[in-house]
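Engineer: Can you look at this prediction? I've put the sequence above it.
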Amino acid sequence: MKKTIIIIAGGIVFSTLFYAQNLGINALLYSLFLIVTLLINHKKLLFKKTIILSGIAMLASAAAICAHGSDWSIFMYFLSTFLFLGYIASSQSSIYVSWLNGIYTSLFGMFHSLFYQLEKEQKPDNVEKIDIAQVIKLVIIPVVLIVIFTLLYSSSNPIFNEVLEAIDFSFIDIFWLFTAAIGSLIMANIEKPQAIQELTKKDQETSNELQPKSLNDLQLQSVRNESQIGFISILCLNLLLVFVLITEVLFLTNLNTTQASVLSQAVHQGVYASIASIVIAIGIIAFIYRGDVNFLKNNQKLRALTYIWIILNALLVASIFTKNYLYIDEHGLTHKRIGVIVYLFLTIAGLITTYLKVNHRLNFVYLIRRNLVISYTTLAFYGLINWSAIITEHNIVEEKVSRTYLESLLPQNALVLKKYNLYDDYKSQTKSSIYHYDDYNEYDFINRNWQEFNWIAHQLKASNENISKATAAAK
Amino acid sequence: MKTFLKRLQPPNRVAVQLASVFFIAVAAAYLSLITTGEEIFKYIGVGSFIIGFIVNSITLLVVLLNYVLGFVLLKEALFTLYVIVLSVSLSLLLLFI
């Protein structure tokens, strides 16, 4: 009974909040509803650390949708919701398994017992063949009779006719009901989150540590050969990277502001290639230290070279950061340039986890687990901030305004443009044909239902109303 | 999942496999379109969806008929119908994005 109530309530809440609405405060309210309903079913589970943290991330990204509604906040909201559901299904799993569990439970939760044969649905031995003709007759004949007699009675009895005409079913919206059915289906799937058992079991059995194996002489020789190849390879790569870093220093010290085109080329072509080289470097280290090389007794030199290579790669990150900083200083902020900083931060995190992997003899799964957690957390925080407003404010203050770019950031930067009296001019978006985005329509954006509440839209509407009142008072 | 599919009755198993294949085809075309920007993938996606829609509609009727005639258990029939509807609606969603 409790389950049925939750499923029906889920459908009604879903349709009320999301039917024909844009995302706004409805995401936050639905998240709260989800937490309350899951709290009813899983009181003890909800107090696990992973569940609390993913729940906070879900609520925070929903609040960000309500505050500014950037694409990143919407993406992170869905990612956090799947993670939250996945952690309720299995709170001890890795982050990637939790995402898969979250998606699995959202789509197939109610068929879980069918997949794993948890309940035996026995087919009766003597299945009575359903007489379809009889079923059709049972439904159609009474319906036809009722329609005919209703028409007859309504024409013969004026009071009955009036009663019939007074009945108004226009309040029933078929599409609203359809949305409610989808909401109920989602709630039926997630009211008791389930995990993919094989995957979750395998994940929980996989530890982060590498286990030493007893090797025979032939295997030991093979590992030594591998270590030797790794040593020579990393030594050569270290020398190459030292040379590259020297040229980077020369490039940066000889740079002056007149070489904007050179800097632009260095940033656009160089940054992504450098980041790719660092990611490949992490992959090579993970490959060399994937197994028995970690347990060789005389591998201190290889380890030392690996640490040096990690440090040199960190210096390469620093040089890319400097180039990106100079570029921002010269041409102002953009989403892409902030994205490069985020990439660099994640790369540094990747290098640190690689160092920990080598130092503590950890496996590749450790690298995937830790780096995914760090990446998700970074992007979750990234999605909370209204970067379009920050970019607009910075570029206006630093006098590096590109009208086409700032127009493309509407509506997230609307309040900043208003502050600098540029909004009324920019909102028509006459210059932004080179950027692909949905056209900004002020009327649609500010005239929202309560479900679609957005802080920027609310402030814009209040400001417009104040201006209208002031104009009316002046007249 | 493979063991579960083997447990399904042949018409339902084929229906689930077909629905999955058509969804994967549309999703692959969509991903290729957004990564390469080649127009041809748009037509492949739409074409796959149209063929998938027709085939899925036929399998949906077969599954329904099998259930009404009492050859299939309720939960198995429901699961198959759900996968077909999900495949078509998610493919449609991808086409609209």
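Structural biologist: Right, received. Where do you want to start?

Engineer: Read off the pLDDT value for the closest residue in space to A:Arg337 that isn't next to it in sequence.
Structural biologist: Nearest residue to A:Arg337, sequence neighbours excluded (Cβ to Cβ, 6 or more residues apart in numbering or on different chains): A:Ile328, at 5.3 Å. Placement of C-beta: from N, CA and C, glycine included. We note a pLDDT of 88 for A:Ile328 in this prediction.

Engineer: State the distance from A:Ile328 to chain B.
Structural biologist: A:Ile328 sits 28 Å away from chain B when distances are taken as Cβ to the nearest Cβ, to the nearest Å.

Engineer: Next: A:Lys49.
Structural biologist: 31 Å.

Engineer: quick one: buried residues of the helix or strand encompassing the residue nearest to A:Arg337?
Structural biologist: Secondary structure from DSSP states H and E places A:Ile328 in helix A:300-331. Going by neighbour count (16 or more other Cβ atoms under 10 Å in any protein chain shown), the buried part of helix A:300-331 is A:302-303, A:305-306, A:309-310, A:312-313, A:316-317, A:319-321, A:323-324, A:326-328, A:331.

Engineer: Relative to the whole chain's centre, how far out is whichever helix or strand comes after it?
Structural biologist: For helix A:300-331, the following helix or strand on the C-terminal side (DSSP H and E) is helix A:335-359. Centroid separation between helix A:335-359 and its chain, computed with Cα atoms, centre = their mean, to the nearest Å, is 19 Å.

Engineer: by how many degrees do helix A:335-359 and helix A:300-331 diverge?
Structural biologist: Angle of helix A:335-359 versus helix A:300-331, following axes from the mean of the first three to the mean of the last three Cα atoms, to 10 degrees, is 170 degrees.

Engineer: For helix A:335-359, name the packing helices and strands.
Structural biologist: helix A:271-288, helix A:300-331, helix A:364-384, helix A:387-397 (3 or more Cβ pairs under 8 Å, 6 or more residues apart in numbering or on different chains; DSSP states H and E).

Engineer: That helix: which residues count as buried?
Structural biologist: For helix A:335-359, by 16+ other Cβ under 10 Å, it's A:337-338, A:340, A:343-351, A:353-355, A:357-358.

Engineer: Domain-wise, how is chain A divided?
Structural biologist: Following the TED database, chain A resolves into domains at A:1-117+A:130-208, A:217-362, A:388-474.

Engineer: Rebuild the helices and strands packed on helix A:335-359 as TSV, extending it with distance to A:Lys48.
Structural biologist: Output for these, formatted as TSV (distance: least, Cβ to Cβ, whole Å):
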stretch	distance to A:Lys48
helix A:271-288	30
helix A:300-331	34
helix A:364-384	16
helix A:387-397	32
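
Engineer: mean pLDDT lowest for which of the ones you listed?
Structural biologist: Across those, the lowest-scoring stretch is helix A:271-288, with a mean of 80.

Engineer: and it with chain B, contact?
Structural biologist: No: using Cβ under 8 Å from any Cβ of the partner chain, helix A:271-288 stays clear of chain B, with a minimum separation of 15.6 Å.

Engineer: The helix ranked longest in chain B and chain A, any residue contact?
Structural biologist: Counting residues, the longest helix found in chain B (DSSP state H) is helix B:40-68. Yes: for helix B:40-68, a contact with chain A is found by Cβ under 8 Å from any Cβ, at B:Val68.

Engineer: Now do the very next helix or strand once past that helix against helix B:40-68, angle only.
Structural biologist: Counting by DSSP H and E, the element after helix B:40-68 in chain order, helix or strand, is helix B:74-96. If you take the same axes, to 10 degrees, helix B:74-96 sits at 160 degrees to helix B:40-68.

Engineer: in stretch A:223-233, what counts as buried?
Structural biologist: Neighbour-count burial for stretch A:223-233 [16+ other Cβ under 10 Å]: A:223, A:226-227, A:230-231.

Engineer: What of stretch A:278-285?
Structural biologist: A:278, A:281-282, A:284-285.

Engineer: What does the pLDDT read for the closest residue to A:Tyr376 other than its chain neighbours?
Structural biologist: Among residues not flanking A:Tyr376 along the chain, A:Ile95 sits closest, at 6.2 Å (Cβ to Cβ, 6+ apart). As predicted, A:Ile95 sits at a pLDDT of 94.

Engineer: now do the one 4 residues further on
Structural biologist: At A:Trp99, the predicted lDDT confidence score is 95.

Engineer: next one: A:Lys120
Structural biologist: A:Lys120 is assigned 60 on the pLDDT scale.

Engineer: Just say helix, strand or coil for the residue nearest the centre of chain B.
Structural biologist: Compute the mean C-alpha point of chain B, and by Cα atoms, centre = their mean the closest residue is B:Ala19, 1.8 Å away. Following DSSP: H, G, I helix; E, B strand; the rest coil, B:Ala19 is assigned to helix.

Engineer: now the helices: where do they sit in the stretch 151-300 of chain A?
Structural biologist: In the stretch 151-300 of chain A, the segments counted as helices under DSSP state H, counting those that start in this stretch are A:158-166, A:174-190, A:197-205, A:217-253, A:260-265, A:271-288, A:300-331.

Engineer: out of the ones you listed, nearest to A:Ile6?
Structural biologist: helix A:174-190 (6.3 Å; Cβ to Cβ).

Engineer: What helices and strands are in contact with that closest one?
Structural biologist: helix A:2-18, helix A:25-41, helix A:95-108.

Engineer: Pick the most deeply packed of the ones you listed.
Structural biologist: When you average the neighbours per residue for each of these (mean count of other Cβ atoms under 10 Å in any protein chain shown), helix A:95-108 leads with a mean of 21.

Engineer: Residue of the stretch 251-400 of chain A closest to chain B, please.
Structural biologist: A:Tyr272 (15.6 Å; Cβ to the nearest Cβ).

Engineer: could you check the angle helix B:74-96 makes with the one helix or strand B:Pro11 maps to?
Structural biologist: B:Pro11 belongs to helix B:10-36 when assigned by DSSP H and E. Computed by the same axes, to 10 degrees, the angle separating helix B:10-36 from helix B:74-96 equals 20 degrees.

Engineer: In a helix, A:Gln92, correct?
Structural biologist: No: if the criterion is three-state DSSP, then A:Gln92 is coil and not within a helix.
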